[in-house]
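*Asks:* have a look at this prediction, sequence included:
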Amino acid sequence: MNHQPFKGWLLSEDDLSVEQAQALQDHLCTCDSCSQIESSWKELEAVIDRSVQLEPASGFVERWQIRLVEHRNHQQKLRGWYTIGGTALIVISLIVLLVVQIWNLLQAPTPYLAGLFDRLISVLSIFFTIRNLVSSISLPGPVYTLAGIVLLFGMISFMSVFWLATYRRISMARREA
Amino acid sequence: MNNLEPEVLSQVHQGNQEAFTQLVETYQRPVYNLCYRMLGDPDEAEDAAQETFLRVYKNIKHYDHKRPFSTWLLSIAAHLCIDQLRKRRMVFVSMDGTPYLDPPDGLPGPETSFYIKEDQKRVQALLKTLSPSDRAAVIMYYWYDFSYEEISHSLALTVSAVKSRLHRARLTMAQSWSEQKVSNFVPERTAHESSTL
């Protein structure tokens, strides 16, 4: 028996025209297979309608909270490993650069040392030029004295430590929140 | 399904921990139920439900407030279960060994609840015969009253694809249901009835 188009209409939720509905009914009266499918579906639908919503074992929320803490710890560890990995990569790159430099120096030290000396002279000349320029503006003395330089370094160090401590305090507070 | 107050949802969006706990409390049952219907195993369902909430926690910033929260949440759960089912596609799972959870208390007598349990077991076995995305569409449509549009949005399908998947699933399930009824429903019930006599 040809079940088309009835099989398509049978469990369809689209509205059928009056003619289609009548044709389907006629087909169901003569076709055991389609009629069986229809009655099975009605039965199954009733079972689905009766089905209750299942619930998880008690303590689901607590278990979720534990899982969240574990997830956060894992993420923190992961971030730590990324930082270590990144730093290690930078250190390795620097070591490679250093090795290349030393290798070049060992291969041909004279031009390298000459170049280095030349650069040193350039740096010194820049330094003296800047110093002359600054002295012409005549800034107050402490910058030039040893005590002034020590004071300046001291202040910079203090400010750095202070800045680090403040940053740590802020980030700790954020983490606790 | 219980719905969360918009204020709580906005607090969740801002990263409030207590509000999120409230969210888990509110939606634990529908999410777990969907995972269980999809996966058919209580332990896997628990794990998938927990993972769903974790994903929600991580992606709450991407939640579009124009969309109902429950739809978004359940679509995350459905996708997670679909992925899980696809991962274990090659592993054969026997339908006879399908574990079934006892429904919550408050149901009629032991005999009725026995039949209800048996029916539910069979429904669960039928769901297992469907492909993961057909199964998700059926569960969303029949257990959660999702509209065709909501299902299409959740499963990234067109509305006509959803309709045809549901139609195909209905046909498959109806055929399997009548086959099952013939093969094991009658002997089981007869055996049970004779044992109670």
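*Replies:* It's in. Numbering: from 1, shown residues only, chains lettered A, B, ... in the order given.

*Asks:* chain B versus the residue in chain A sticking out farthest from the centre, what's the distance?
*Replies:* What lies farthest from the middle of chain A is residue A:30; by Cα atoms, centre = their mean that is 64.1 Å. Look at residue A:30 and chain B: by Cβ to the nearest Cβ, to the nearest Å, they are 18 Å apart. Where C-beta positions appear, they are placed from N, C-alpha and C, glycine not excepted.

*Asks:* from residue A:151, how far out is that residue?
*Replies:* Plainly put, residue A:30 is 108 Å away from residue A:151 if you go by Cβ to Cβ, to the nearest Å.

*Asks:* now the one helix or strand residue B:59 maps to: mean pLDDT?
*Replies:* Taking DSSP states H and E as the criterion, residue B:59 maps to helix B:42-59. Regarding helix B:42-59, the rounded mean pLDDT is 94.

*Asks:* what does chain B put close to chain A?
*Replies:* For chain B, the residues in contact with chain A (Cβ under 8 Å from any Cβ of the partner chain) are B:21, B:24-25, B:28-30, B:32-33, B:36, B:42, B:45-46, B:49-50, B:53-54, B:57, B:101, B:103-104, B:107, B:116, B:119-120, B:122-123, B:126, B:142-143, B:163, B:166-167, B:170-171, B:173-175, B:177-178, B:181.

*Asks:* give me the helices and strands touching the helix or strand containing residue A:156, please.
*Replies:* Residue A:156 is part of helix A:146-176 when elements are defined by DSSP H and E. Taking 3 or more Cβ pairs under 8 Å, 6 or more residues apart in numbering or on different chains; DSSP states H and E as contact, there are no helices or strands that helix A:146-176 lies on.

*Asks:* next, the buried residues of that helix.
*Replies:* Residues of helix A:146-176 classed as buried by neighbour count (16 or more other Cβ atoms under 10 Å in any protein chain shown): none.

*Asks:* so which residues on chain A come close to chain B?
*Replies:* Near chain B, when you scan chain A using Cβ under 8 Å from any Cβ, you find A:7-8, A:10-14, A:36-41, A:43-45, A:47-48, A:50-57, A:60-61, A:63-65, A:67-68, A:71.

*Asks:* so the longest helix belonging to chain A versus helix B:42-59, what angle?
*Replies:* Ordering each helix of chain A by length in residues (DSSP state H) puts helix A:60-107 first. Angle between the axes of helix A:60-107 and helix B:42-59 is 60 degrees (criterion: axes from the mean of the first three to the mean of the last three Cα atoms, to 10 degrees).

*Asks:* quick check, central residue of chain B?
*Replies:* residue B:34 (2.4 Å).

*Asks:* for that residue, which non-adjacent residue is closest in space?
*Replies:* Take residue B:34 and drop its neighbours on the chain: the residue closest to it by Cβ to Cβ, 6 or more residues apart in numbering or on different chains is residue B:77, 5.1 Å away.

*Asks:* so what's the backbone phi/psi at that neighbour?
*Replies:* Main-chain torsions, residue B:77, degrees, to the nearest 10: phi -60, psi -40.

*Asks:* what about it, distance to chain A?
*Replies:* Counting by Cβ to the nearest Cβ - residue B:77 and chain A are separated by 13 Å.

*Asks:* and if you look at residue B:85?
*Replies:* Separation of residue B:85 from chain A (Cβ to the nearest Cβ): 18 Å.

*Asks:* now do the contacts for that residue.
*Replies:* B:38-39, B:132, B:135 (Cβ atoms under 8 Å, 6 or more residues apart in numbering or on different chains).

*Asks:* which of those fall in helices?
*Replies:* B:38-39, B:132, B:135.

*Asks:* okay, whichever strand or helix holds residue B:168 in PDB with CA atoms only?
*Replies:* Assessed by DSSP H and E, residue B:168 sits inside helix B:159-180. This file holds the C-alpha atoms of helix B:159-180, laid out as PDB (Å, rounded to 0.1, in the frame of the first residue of the first chain):
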ATOM      1  CA  VAL B 159      12.400  26.600  11.900                       C
ATOM      2  CA  SER B 160      11.600  24.200   9.000                       C
ATOM      3  CA  ALA B 161      14.600  22.000  10.000                       C
ATOM      4  CA  VAL B 162      13.200  21.900  13.600                       C
ATOM      5  CA  LYS B 163       9.800  20.900  12.300                       C
ATOM      6  CA  SER B 164      11.100  18.200  10.100                       C
ATOM      7  CA  ARG B 165      13.400  16.800  12.900                       C
ATOM      8  CA  LEU B 166      10.400  16.700  15.300                       C
ATOM      9  CA  HIS B 167       8.300  15.000  12.700                       C
ATOM     10  CA  ARG B 168      11.000  12.400  12.000                       C
ATOM     11  CA  ALA B 169      11.500  11.900  15.700                       C
ATOM     12  CA  ARG B 170       7.800  11.400  16.400                       C
ATOM     13  CA  LEU B 171       7.600   8.800  13.600                       C
ATOM     14  CA  THR B 172      10.700   7.000  14.900                       C
ATOM     15  CA  MET B 173       9.500   7.000  18.500                       C
ATOM     16  CA  ALA B 174       6.000   5.900  17.600                       C
ATOM     17  CA  GLN B 175       7.300   3.000  15.600                       C
ATOM     18  CA  SER B 176       9.700   2.000  18.300                       C
ATOM     19  CA  TRP B 177       7.000   2.400  20.900                       C
ATOM     20  CA  SER B 178       4.700   0.000  19.200                       C
ATOM     21  CA  GLU B 179       7.500  -2.500  18.600                       C
ATOM     22  CA  GLN B 180       8.600  -2.300  22.300                       C
END
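
*Asks:* mind listing what's buried in that helix?
*Replies:* Buried positions in helix B:159-180, judged by neighbour count with 16+ other Cβ under 10 Å: B:161-178, B:180.
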